[in-house]
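**Student:** my questions concern the predicted model and sequence given below.
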Amino acid sequence: QVRLVESGGGLVQAGGSLKLSCTGPDRTFTSYGMGWFRQAPGKERELVASISPIGSMTQYGKTVKGRFIVSRDNRKNTLYLEMHRLRPDDTAVYFCAQALYPQIEKLAHVDYWGQGTQVTVSL
């Protein structure tokens, strides 16, 4: 059973923007911390951004801070990632993550994963 469904990935030129979405189950969405991870070929999965259950706290990876914005709309059970000033090294599969832990900081915190969506940034 698919629990988290991502959308919004694609191909974009360097300097452009994309917005990813992730929809989760109705009943439990507001109980969970949410986040985005990414994994490039040959590299480890890394935290991009995370947000607490009611959206009061956010955290960003060093390479995306100031360019990406994480947000959530609990009325729609949806998590977002706005990505701006994209660079070729942002190219990766982006995964939505959900955790009972309120502020996801690492892989071990994650209880559920989405299937991933490809983001490719060209020169």
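**Tutor:** That came in fine, so what should we check first?
**Student:** could you give the bridge partners of the residue most central in space within the chain?
**Tutor:** Nearest to the mean C-alpha position of the chain, by CA atoms, centre = their mean, lies W36 at 2.3 Å. When assigned by DSSP bridges, W36 has beta-bridge partners A49, C96.
**Student:** what distance do you get for it to G15?
**Tutor:** For W36, the distance to G15 equals 20 Å [CB to CB, to the nearest Å]. (Each C-beta comes from the backbone N, C-alpha and C, glycine too.)
**Student:** now do A99
**Tutor:** Going from A99 to G15 by CB to CB gives 32 Å.
**Student:** the more surrounded of the two?
**Tutor:** Legend: neighbour count by other CB atoms under 10 Å for A99 and G15, higher for A99 (20 against 11).
**Student:** give me every residue that touches that one.
**Tutor:** Y32, G33, M34, G35, H109, V110, D111, Y112 (CB atoms under 8 Å, 6 or more residues apart in numbering).
**Student:** surely the fifth one meets G33?
**Tutor:** Think H109. Yes: in terms of CB atoms under 8 Å, H109 counts as a neighbour of G33; the distance is 7.4 Å.
**Student:** now the common contact residues for those two.
**Tutor:** The contact lists of H109 and G33 share A99, Y101, where a contact means CB under 8 Å, 6+ apart.
**Student:** higher neighbour count, the two?
**Tutor:** G33 (23 against 18).
**Student:** wait, that one sits on D111?
**Tutor:** No: contact between G33 and D111 fails when scored by CB under 8 Å: they sit 9.4 Å apart.
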